[in-house]
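S.K.: I'll drop the sequence and a predicted model, then ask my questions.
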Amino acid sequence: MNDAPAGEGTQQETRFEVHELPFEMGSNRAARVLLAGFLRHKHLDAQVVQDAAIVLGELVANGLDHGRPDRHDGLEVSWALQDEALEVSVLDGGGETEPHVMPPDVLAARGRGLAMVEALTSRWWVDHTAGTRVTAVLPLA
């Protein structure tokens, strides 16, 4: 029997992680550091690791900018390594707007985050079952 919490175990066995982070800007970096630690031992292509950090960073930034704290007064980040893909997800307490890709505006200071997510992933979606969860899938090949 493995006494480790769900998703943990030996580094070779770990296929997913879930982390509750404070609802603050420093959590963006913390989320990317945690993801990098998880991926470090998976022998993934460096481009996949870099793209995953960009995607997760954008999802966390959007949750902090447009959402509100979840039921734990924080923000949940998670990832799952599948056979041919890496799924990353961010859950916040919900917001007043629907996450969507904005039309490109070269003069705008902001608004490119979900366009980057869409460009770097095979698909992404929003679930409002419990707050706002945005999930994106990055192909491994």
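M.R.: Good, I have the coordinates. All of these numbers come straight from a predicted model, not from anything done at the bench.
S.K.: Can you tell me the element residue 27 falls in?
M.R.: helix 26-40 (DSSP states H and E).
S.K.: buried ones in the helix or strand following that helix?
M.R.: Later in the chain than helix 26-40, the nearest helix or strand by DSSP H and E is helix 46-66. Buried positions in helix 46-66, judged by neighbour count with 16 or more other C-beta atoms under 10 Å: 48-49, 51-64, 66. Glycine gets a C-beta too; all of them are placed from N, C-alpha and C.
S.K.: Would you mark the buried spots in the helix holding residue 27?
M.R.: Neighbour counts over helix 26-40 (16+ other C-beta under 10 Å) mark 27-28, 30-32, 34-35, 38-39 as buried.
S.K.: Those residues into JSON lines, with extra columns for distance to residue 94 and pLDDT?
M.R.: JSON lines is the format used below for the buried residues of helix 26-40 (distance: C-beta to C-beta, whole Å; pLDDT from 0 to 100):
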{"residue": "27", "distance to residue 94": "17", "pLDDT": "98"}
{"residue": "28", "distance to residue 94": "19", "pLDDT": "97"}
{"residue": "30", "distance to residue 94": "22", "pLDDT": "98"}
{"residue": "31", "distance to residue 94": "19", "pLDDT": "98"}
{"residue": "32", "distance to residue 94": "23", "pLDDT": "97"}
{"residue": "34", "distance to residue 94": "23", "pLDDT": "97"}
{"residue": "35", "distance to residue 94": "23", "pLDDT": "97"}
{"residue": "38", "distance to residue 94": "26", "pLDDT": "94"}
{"residue": "39", "distance to residue 94": "29", "pLDDT": "94"}
